[in-house]
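# what's the 3D shape of this:
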Amino acid sequence: MKPSPRATSVLLNIAHAFDHMFLLIFATAVATIAADFGFARWEDLMPYGVGAFAMFGLCSLPAGRLGDLWGRRRMMLVFFFGMGIATLLVAAARNAWQLGAAMTVLGIFAAIYHPVGIPMLVQRASRPGLTIGISGLAGNLGVALSAVVTGALLKYASWHMAFIVPALASFACGVLFALLAPNESVAPGRRAPTRAMPDRRSLAHIFAVVTIASVSGSLLFNFTTNGNGELLRERLRGIVEDPAALGALLALVYVAGAVTQVGVGMLLDRVSLKKLYACIVAAQAPLFIAAARADGWVLYGVMVLFMVAVFGAIPFTDAMIVRYVDDRMRSRVSGMRLAVAFGVSSLAVWLLGPLVKAAGFETLLLVMAAIAFVTFCVVMLLPRSRERGLGPAAVDVAPRAAD
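Numbers count the residues shown, from 1 in each chain. The predicted structure follows:
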C-alpha cells in the first residue's frame, strides 16, 4: 500500500478512541467481573484497576521522550500492538490480582497515545484547534463505544469477550498503520526549531497553570467516566434494568459530550482561549451540585449536561501546548504534563469504590463540584494573550492579567 497522510490521521483518531475505550471496559464490566471473581460488591474490585491509570500517567513521560527522540510513527506501532496484547492478558485473568497486573500493563501502553499521537496529528495541521476537537471527539466516542460495546458483549457473550474483540481490532489497525503511515526521515526532536517560544519564566508559569488545571480536569474525567455506569444503574433502578440498554444510554451521554469538542475546537482557532476555557469550566460545579440530588430521568438529563462541560474542557490543555511549544519538543512537554496530571488523577479510580461505598454518589458529586471550582480558579490564572486562535502568541504573565 502507498503511504497516506489522510489515512494516517484517521488511524490516529481511531487510536484515540481505542485509548479511552480500552481503559474503560473494566469500569463498565466491573460488576460482572466482581461477581465472577466472588466479590460481594463491585466497589471492592474497583481499586484493582488503579494500576492502569497510574501507568497511564507515569509512563507518559518516557513515552513523550521516545516520541520526540526515537520517532512518533514507531511509538504508535508499539501502541497498537501493545494495547492488543495487554487487553488479551486482561481477558485471560482468573483472579483479582492477575486482573490488576494485566490492567497495569494496559496502562503502560495506553500512556503512549496522548503525548505521541496528538502531536503527530497537529504537526502539519492548518487549523490545529479543529484538529484537536476532532481528536477529542474520537477519543470520547471511544468512551461511548466502551459503554455500548461492553454492555452488548456482557449481555450476549461474556466479560472475557468484551476485552478480546477490541484486542483483535487493535491488531488490525496496527497492521494498517504500518502499511499506510509515512516514514519519518528524522525524529521530531532532532529537527531544527520552527517557531520562537516564550521565555523561561513565561513558559514555567504557563506549564504550572496548565498542569494544575489538567490534574483537576483529569480527576473529574476519571471520576465521571469510571463512575457514571454505576451512578446510572443506581439512579435508574426500577426504570431501566437491562445492561445493554443502560450501556446505550451511557453511550448517548458520551456522544453528546464528544460532539461538543468539535465545536470547542473550531472556536479555539478563532477566539480567546482563556475566556472560552473559563466559561466552560464555570458551568461544571453547578451541574454536579444539581446531579447530587437528582434521580431518574432528571439525573440522566443533568448527566448529559455535566459530561458536555467535562468533555468540552478537555481540548484546552493540548491547545495551550500547540500555542506555546515548538513541534520538536511537544511530545516531551505533553509527557511531563500528563505524567503529573494522570498520575495524580489515577487516585480517582482507587478512591471511587471506597468513597461511594462509604458515603454514596451524592457525596462524590459534591466532591466533584469542589474540584470543578478549583479548576475554574486555576484557569483564571492563565496569562493574557494578545492574539486570538492558536497561532504564535505574545503573552503577558502579569499575576492579575485579565483577558
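# Per-residue pLDDT of Ala285, please?
Note on Ala285: pLDDT of 94.
# what does Asp396 give?
44.
# Kindly report the same for His16.
For His16, pLDDT reads 94.
# Now do the same contact list for it.
Counting by Cβ atoms under 8 Å, 6 or more residues apart in numbering, His16 makes contact with 113, 117-118, 135-136, 138-139, 142. Glycine gets a C-beta too; all of them are placed from N, C-alpha and C.
# Let me know the closest of the residues you listed to Pro182.
Gly117 (14.9 Å; Cβ to Cβ).
# which is the next helix or strand following the helix or strand that the closest one is a member of?
Per DSSP states H and E: Gly117 is located in helix 113-122. With elements assigned by DSSP H and E, the helix or strand that comes after helix 113-122 is helix 128-156.
# got the buried residues for that following helix?
Within helix 128-156, the residues that count as buried by 16 or more other Cβ atoms under 10 Å are 128-154.
# Check stretch 252-260 too.
Neighbour-count burial for stretch 252-260 [16+ other Cβ under 10 Å]: 253-260.
# same thing with stretch 362-377?
Per 16+ other Cβ under 10 Å, stretch 362-377 contains these buried residues: 364-369, 371-376.
# contacts for it?
With contact meaning Cβ under 8 Å, 6+ apart, stretch 362-377 is reached by 213, 216-217, 219-220, 223-224, 227, 278, 281-282, 284-286, 288-289, 291-293, 313, 352, 355-356.
# again with stretch 339-349
With Cβ under 8 Å, 6+ apart, stretch 339-349 has contacts from 46-47, 49-50, 52-54, 56-61, 111, 211, 214-215, 217-219, 221-223, 226, 317.
# one step back: pLDDT-wise, what's the bottom of the buried residues of stretch 252-260?
Ala258 (80).
# Contacts only, for the residue lying closest to it once chain neighbours are set aside.
Closest residue to Ala258 apart from its sequence neighbours, by Cβ to Cβ, 6 or more residues apart in numbering: Asn140 at 3.4 Å. For Asn140, the contacting residues are 20, 254-255, 257-258, 261, 311, 314, by Cβ under 8 Å, 6+ apart.
# can you redo the residues you listed as a markdown table with secondary structure?
Formatted as a markdown table, the contacts of Asn140 follow (DSSP: H, G, I helix; E, B strand; the rest coil):
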| residue | secondary structure |
| --- | --- |
| His20 | helix |
| Tyr254 | helix |
| Val255 | helix |
| Gly257 | helix |
| Ala258 | helix |
| Gln261 | helix |
| Phe311 | helix |
| Ile314 | coil |
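# which parts of stretch 227-247 are buried?
Buried residues in stretch 227-247, counted by 16+ other Cβ under 10 Å: 227-233, 235-236, 240, 243, 246-247.
# Also stretch 3-17?
Counting neighbours by 16+ other Cβ under 10 Å, one finds that the buried residues in stretch 3-17 are 7-9, 11-17.
# tally of neighbours for Gly353?
Residues contacting Gly353 under the criterion other Cβ atoms under 10 Å number 24.
# Show me which of the contacts of stretch 362-377 are buried.
Burial by neighbour count, judged by 16+ other Cβ under 10 Å, picks out 213, 216-217, 219-220, 223-224, 227, 278, 281-282, 284-286, 288-289, 291-292, 313, 352, 355-356 from the contacts of stretch 362-377.
# So Leu267 sits against Gly129, correct?
Yes. Using Cβ atoms under 8 Å, Leu267 is in contact with Gly129, at 7.2 Å.
# coming back round to it: now tabulate the contacts of Asn140 in a markdown table and tack on distance to Leu66.
Shown next, in a markdown table, are those (distance: Cβ to Cβ, whole Å):
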| residue | distance to Leu66 |
| --- | --- |
| His20 | 21 |
| Tyr254 | 30 |
| Val255 | 33 |
| Gly257 | 31 |
| Ala258 | 29 |
| Gln261 | 27 |
| Phe311 | 28 |
| Ile314 | 24 |
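# which residues of the stretch 151-300 of the chain score low on pLDDT?
Filtered on pLDDT under 70, the stretch 151-300 of the chain yields the residue ranges 192-199.
# so how far is Gly107 from the nearest residue to Ser346 once chain neighbours are set aside?
Excluding its sequence neighbours, the residue lying closest to Ser346 (Cβ to Cβ, 6+ apart) is Phe53, at 3.5 Å. Computed as Cβ to Cβ, to the nearest Å, the Phe53 to Gly107 distance reads 6 Å.
# between the two, what contacts are shared?
Joint contacts of Phe53 and Gly107 (Cβ under 8 Å, 6+ apart) are Leu23.
# Isn't Asn95 up against Phe39?
No. Taking Cβ under 8 Å as the definition, Asn95 is not a contact partner of Phe39, at 10.6 Å.
# Comparing those two, which shows the higher neighbour count?
For Asn95 versus Phe39, the count of surrounding residues by other Cβ under 10 Å is larger for Phe39: 17 against 11.
# so who does the spatially closest residue to that one that is not a sequence neighbour touch?
With Cβ to Cβ, 6+ apart as the criterion, Phe39 has its nearest non-adjacent residue at 5.0 Å, and that residue is Leu45. Leu45 makes contacts with 30, 33-34, 37, 39, 96, 353, as judged by Cβ under 8 Å, 6+ apart.
# again, only using 10 Å
By Cβ atoms under 10 Å, 6 or more residues apart in numbering, Leu45 lies in contact with 26, 30-31, 33-39, 96, 99-100, 353.
# Now do it against Leu352, distance only.
Distance from Leu45 to Leu352, by Cβ to Cβ: 11 Å.
# So for those two, which residues contact both of them?
Joint contacts of Leu45 and Leu352 (Cβ under 10 Å, 6+ apart) are Val30.
# Which of the buried ones among the contacts of stretch 362-377 fall in helices?
Among the buried ones among the contacts of stretch 362-377, the residues falling in helices (DSSP state H) are 213, 216-217, 219-220, 223-224, 227, 278, 281-282, 284-286, 288-289, 291-292, 352, 355-356.
# ok but Val186 is inside a helix, no?
No. Going by three-state DSSP, the assignment for Val186 is coil, not a helix.
# Am I right that it is in contact with Gly71?
Yes. With contact defined as Cβ atoms under 10 Å, Val186 reaches Gly71; the gap is 8.8 Å.
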